[in-house]
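Participant: next input, structure requested:
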Amino acid sequence: MSFGGRQVLSGASLEVQAGETVAVLGPSGSGKTTLLSVCGLLLRADSGSVRIDGQEVTRMSQLRPGAIGWVLQQSNSFPRRTVLDNVALGSLAAGFSHAESQELSERALTDVGLSGRLHSEARELSGGELQRMCVARSIAARPKLILADEPTGGLDEENSRHVASLLRQVSSTGATVVVATHDLALAQACHRVVEMHKGRLQIEESQ
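Facilitator: Numbers count the residues shown, from 1 in each chain. All right, here's what the predicted structure looks like:
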């Protein structure tokens, strides 16, 4: 896959099992975000395919709404909406009813340790709390696949460990988690590490 004549991905092949967490480790510009974007159907590669549950998919409409959850370095929150509202928006978009969305969101926020912040406005949260809210939003709709792009960027060591633990915990429910990162501690918390360099997958290590 190339942009502006520059090869960004080259022969990248990655298979991840249900309930597995895989870290794609590499420096900025190595192709990690592009790989996640292809896996998440935000970009289409020049060749090759994406398979989820054995089914080749080329567009989001082939999957149920909310089948893929994203955790980004930026929380992309609505600052003046409550934490509960911010999380519920994801499951509402996935087709759950208002009552179901509220229940799923409260459960997800409890799982990430924010049960006491349900009715706080998002702008009142710390950086670590915002990132935990983002994790809660990604898991509330019960996705099969979670893609996390530099989820610990800008976080201190304690909050980075918390996010890593949460992602590993999510995988224990059967969700597949793929993390793009240059954070060695986060990578070591995953089941497997894949190193990426100049658009190529280099080394795989089981934890």
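Participant: what about Q17, which SS state?
Facilitator: Here Q17 is coil, with the state taken from DSSP: H, G, I helix; E, B strand; the rest coil.
Participant: who is the residue lying closest to it once chain neighbours are set aside paired with across the strands?
Facilitator: In this structure, Q17 finds its nearest non-sequential neighbour in T176, 7.1 Å apart by CB to CB, 6 or more residues apart in numbering. Heads up, the C-betas are built off the backbone N, CA and C, glycines and all. T176 forms beta bridges with L145, as assigned by DSSP bridges.
Participant: can you report how many residues lie near T176?
Facilitator: Neighbours of T176 under the rule other CB atoms under 10 Å: 22.
Participant: that one and L36: what is the separation?
Facilitator: Using CB to CB, to the nearest Å, T176 is found at 12 Å from L36.
Participant: residues in contact with the residue nearest to Q17?
Facilitator: When contacts are counted by CB atoms under 8 Å, 6 or more residues apart in numbering, T176 is found next to V16, Q17, A18, G19, E20, K144, L145, I146.
Participant: all helices for this structure, in order.
Facilitator: Secondary structure of the chain (DSSP state H): helices at 32-39, 83-93, 98-111, 127-140, 157-171, 184-188.
Participant: just the angle between the fifth one and helix 127-140, please?
Facilitator: This means helix 157-171. If you take axes from the mean of the first three to the mean of the last three CA atoms, to 10 degrees, helix 157-171 sits at 10 degrees to helix 127-140.
Participant: show me what contacts G66?
Facilitator: Residues near G66 by CB under 8 Å, 6+ apart: G90, S91, A93, A94, G95, F96, A141, R142, P143.
Participant: format these as a markdown table; extra columns: neighbour count and pLDDT.
Facilitator: What follows is these, written out as a markdown table (neighbours: other CB atoms under 10 Å; pLDDT from 0 to 100):
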| residue | neighbour count | pLDDT |
| --- | --- | --- |
| G90 | 25 | 85 |
| S91 | 25 | 89 |
| A93 | 12 | 84 |
| A94 | 19 | 84 |
| G95 | 12 | 86 |
| F96 | 21 | 91 |
| A141 | 26 | 85 |
| R142 | 17 | 85 |
| P143 | 23 | 89 |
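Participant: looking at the residues you listed, which is nearest V112?
Facilitator: Of all the contacts of G66, G90 has the smallest distance to V112: 13.4 Å, by CB to CB.
Participant: which residues are in contact with the closest one?
Facilitator: G90 is in contact with G66, G69, R137, S138, A140, A141, counting by CB under 8 Å, 6+ apart.
Participant: from what I can see L166 touches V135, true?
Facilitator: Yes. With contacts counted by CB atoms under 8 Å, L166 reaches V135, the gap being 5.1 Å.
Participant: least reliable of the helices of the chain by average pLDDT, please.
Facilitator: Among the helices of the chain, helix 157-171 carries the lowest mean pLDDT, a mean of 85.
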